[in-house]
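Enquirer: Okay, here's the prediction I keep looking at, along with the sequence it came from:
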There are 2 protein chains.
Amino acid sequence: MSLQTALDAVADPVRRAIIRELAGHPDWTRACGTFDLPVSKATRSHHFAVLREAGLIEQRDEGARRFNRLRRPEFDAEFPGMLDLILNERPSAG
Amino acid sequence: MSLQTALDAVADPVRRAIIRELAGHPDWTRACGTFDLPVSKATRSHHFAVLREAGLIEQRDEGARRFNRLRRPEFDAEFPGMLDLILNERPSAG
């Protein structure tokens, strides 16, 4: 995983919102469809795919639902401090 | 300074190269023109401006030269860990 890929993944505020929401729940309890995001379904799928490809999340399908896990320990080991910056971010109104 | 602004500033590999080079030299010893960067002069100026506007560097003019300081302690205080990730990055060949 390159720093460039990681930075590109977290540069988007919607993706940071997904990360924060996943961090607030136990692993594998949140399906993609349960996130309240201000984007279309296709865009939502894109954001989850970018996070997965960057190694920030892991996904598995159960029936029609796709569940997620934040790869927090793995990411913390690779890029110390980066997730904490995101989790401590106070989202702007915009 | 918002996390979004900071992430946008460091998302570019040329800007990360500038940051690393500044970190390796004493404050105010490096003028913009002395950086060996694979970009045009206008693009170089743009990159320095983005870093300055994000609060990552400080600049002052002496004659025809513009000297730089990495605002390392200020940035470390605001976004702990982010600069270290950049300074520890092994730049790719690309």
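Expert: Nice, thanks for sending it over.
Enquirer: Could you pull up the contacting residues of the closest residue to chain B within chain A?
Expert: Per C-beta to the nearest C-beta, residue A:81 is where chain A lies closest to chain B, at 1.9 Å. In this view, the C-beta of every residue, glycine as well, is placed from N, C-alpha and C. With contacts defined as C-beta atoms under 8 Å, 6 or more residues apart in numbering or on different chains, residue A:81 is in contact with B:80, B:81, B:82, B:84, B:85.
Enquirer: Apply 10 Å and report the result again.
Expert: Residue A:81 makes contacts with B:79, B:80, B:81, B:82, B:83, B:84, B:85, as judged by C-beta atoms under 10 Å, 6 or more residues apart in numbering or on different chains.
Enquirer: can you give me the helices in chain A?
Expert: Along chain A, counting by DSSP state H, helices occupy A:3-10, A:13-23, A:41-53, A:72-78, A:82-87.
Enquirer: Just put these in JSON lines and tack on mean pLDDT.
Expert: Shown next, in JSON lines, are the helices of chain A (pLDDT from 0 to 100):
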{"stretch": "helix A:3-10", "mean pLDDT": "96"}
{"stretch": "helix A:13-23", "mean pLDDT": "97"}
{"stretch": "helix A:41-53", "mean pLDDT": "96"}
{"stretch": "helix A:72-78", "mean pLDDT": "95"}
{"stretch": "helix A:82-87", "mean pLDDT": "96"}
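Enquirer: How about the backbone phi and psi for the residue of chain A closest to chain B?
Expert: Main-chain dihedrals, residue A:81, degrees, to the nearest 10: phi 100, psi -30.
Enquirer: that older thread, pull out the buried members of the contacts of residue A:81.
Expert: The neighbour count (16 or more other C-beta atoms under 10 Å in any protein chain shown) marks B:79, B:82, B:83, B:85 as buried among the contacts of residue A:81.
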